[in-house]
Structure formats: C-alpha cells, structure tokens
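Student: pasting the structure only:
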C-alpha cells in the first residue's frame with residue numbers, strides 16, 4: 001500500500017508485478033540508487049556524531065602567577081589557537097605555591113613559574129631564562145632596552161615583595177653582593193603591583209624581564225641589570241610519574257618557541 005501511494009504521488013510505476021515476480025522499473029532503479037546513497041550518507045553522519053559525542057573534550061589546565069599568565073601565557077594561548085581551535089583551556093592565575101599544590105593534587109595538568117627549590121613529587125622542565133631587570137617611573141619615547149649596573153641601585157628607593165618569598169630572597173642576595181643595603185620604600189605581594197607602584201612614583205623595583213609587556217603598557221622604563229647579568233629560570237612543572245596528554249606536550253613545545261621569539265623581539269634575552 002505504501003509503494004502504491006508513492007507511485008501515485010510520482011505518477012510512475014516503480015515495480016513491474018506479476019503473481020510470481022516483482023522487478024524494478026527504470027524509474028524505480030533510479031530512485032533506489034538515490035535512496036541508497038542518501039541512507040549511506042545519513043549513516044556515516046550519525047556514526048561521526050555519535051563517536052565524537054562519546055569522546056572527552058580536548059582540554060588543558062594550567063596554573064601560573066598573574067604577571068606570567070598575562071604577559072606570557074595569554075599571548076601564547078592566542079597564537080596556539082590557530083593550530084588547535086578546539087582546545088579548551090582551564091586556567092588558575094594565583095600564587096605559585098597554590099598552583100603547585102593544585103598540580104600535586106592533580107587539579108591542574110601543569111604549572112608555569114619560577115622555582116628556587118627542589119619540588120618534591122614534581123618534575124620540572126625548563127622553558128626559558130629571563131634576566132632580572134630594573135624598572136623606574138617615566139617613559140622616554142626614544143628609549144631602547146639599556147643596562148643598569150647592580151651597584152647603581154645604591155640609594156634608590158626600592159619597592160619589594162615580602163622578604164619571605166623566594167623571589168625576593170634571590171634578588172636581595174644579589175643586591176647584597178653589589179653592596180646595596182636598603183629598607184623597602186614599599187612592600188607589596190605581586191609583581192603587577194610593583195609595576196603599578198613604580199608608575200605612580202612610589203619607588204623603583206627589580207623584577208624578571210618577562211614583566212616587559214606590562215611595563216610597556218604603563219609609564220615605566222625597564223633596563224637589564226648587569227655586572228653581573230642574573231637570570232631566573234621559568235619552568236613547566238607536572239606531577240612526577242604522571243604522563244601528560246599529548247596536547248600538553250604539544251603546547252609546552254610551542255610555548256618554548258613562543259617565549260624565545262617574544263624575548264628576542266623585546267630585546268630582553
């Protein structure tokens with residue numbers, strides 16, 4: 001009955017029928033080929049859709065302190081999007097110590113930061129070495145990255161991080177070697193705040209050169225510290241014994257080349 005209704009709608013016979021035999025007519029054979037092709041495409045589409053629905057979304061979770069997140073990771077993520085537009089990032093921007101706790105607890109795939117001590121239970125992969133730099137308020141349009149000797153910081157009003165932090169302890173060690181003894185003009189908790197306070201004239205500061213982008217966006221001038229040149233190592237950390245997904249290794253490799261290119265362009269090598 002359904003076939004007869006279809007034949008009535010089309011105005012052609014689809015089958016030749018006898019009491020002993022049923023065969024397709026020429027229009028029936030043509031319609032069968034079209035129906036089979038469309039059914040095959042429908043089956044393939046449903047298989048693809050069903051298969052992708054069952055796969056976990058491609059994601060990567062990273063923790064880093066705010067200045068590193070904004071200056072290094074944000075531009076790198078933007079650039080990486082052209083290769084992996086489907087990747088979903090989950091980010092934690094906070095203190096390095098908290099990010100490391102999250103990595104240890106498997107709440108983050110990896111952390112990015114500067115580490116001065118051995119990290120029990122964590123594996124470290126170097127990304128790039130950034131020199132320490134001196135920043136002061138004011139902006140000279142003709143300025144190009146220059147150098148400042150550590151000894152020239154004698155008598156300078158310095159804005160520091162809390163002296164309990166490993167980063168500040170590292171900086172203070174090199175200030176002391178250059179004969180620079182000081183009492184902080186101001187103590188703040190984050191590098192971002194140091195840069196902002198330098199801009200408004202509360203003092204000068206020593207920071208890693210990856211803060212160059214944030215300084216460029218403010219009325220702050222940066223110069224590399226020399227005699228000696230002192231570097232801090234920016235590393236990726238992961239939980240020891242854990243195999244990261246392939247996308248994590250891919251992004252880490254991309255991040256290394258991205259940082260090297262950015263540092264070269266900024267002149268802060």
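Tutor: That came in fine, so what should we check first? Source: prediction; values computed, not measured.
Student: residue 182: what secondary structure?
Tutor: Secondary structure, DSSP: H, G, I helix; E, B strand; the rest coil: residue 182 is coil.
Student: could you pull up the residues touching it?
Tutor: Neighbouring residues of residue 182 by CB atoms under 8 Å, 6 or more residues apart in numbering: 153, 156, 158, 175. (Each C-beta comes from the backbone N, C-alpha and C, glycine too.)
Student: please redo it, this time with the cut-off set to 7 Å
Tutor: residue 158 (CB atoms under 7 Å, 6 or more residues apart in numbering).
Student: quick one: the helices in the stretch 1-150 of the chain, in order.
Tutor: For the stretch 1-150 of the chain, applying DSSP state H, counting those that start in this stretch gives helices covering 2-10, 26-54, 66-68, 74-80, 96-104.
Student: tell me the most buried of the ones you listed?
Tutor: Greatest average neighbour count among the helices of the stretch 1-150 of the chain goes to helix 66-68 (a mean of 20), per mean count of other CB atoms under 10 Å.
Student: returning to that earlier point: closest to residue 211 out of the helices of the stretch 1-150 of the chain?
Tutor: Among those, the nearest to residue 211 by CB to CB is helix 66-68 (5.7 Å).
Student: so for that closest one, mean pLDDT?
Tutor: Averaging pLDDT along helix 66-68 gives 93.
Student: what do you get for stretch 161-180?
Tutor: Across stretch 161-180, pLDDT averages out at 95.
Student: try stretch 7-22
Tutor: 78.
Student: include distance to residue 122 when you put the helices of the stretch 1-150 of the chain into JSON lines, please.
Tutor: Formatted as JSON lines, the helices of the stretch 1-150 of the chain follow (distance: least, CB to CB, whole Å):
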{"stretch": "helix 2-10", "distance to residue 122": "68"}
{"stretch": "helix 26-54", "distance to residue 122": "33"}
{"stretch": "helix 66-68", "distance to residue 122": "17"}
{"stretch": "helix 74-80", "distance to residue 122": "21"}
{"stretch": "helix 96-104", "distance to residue 122": "6"}
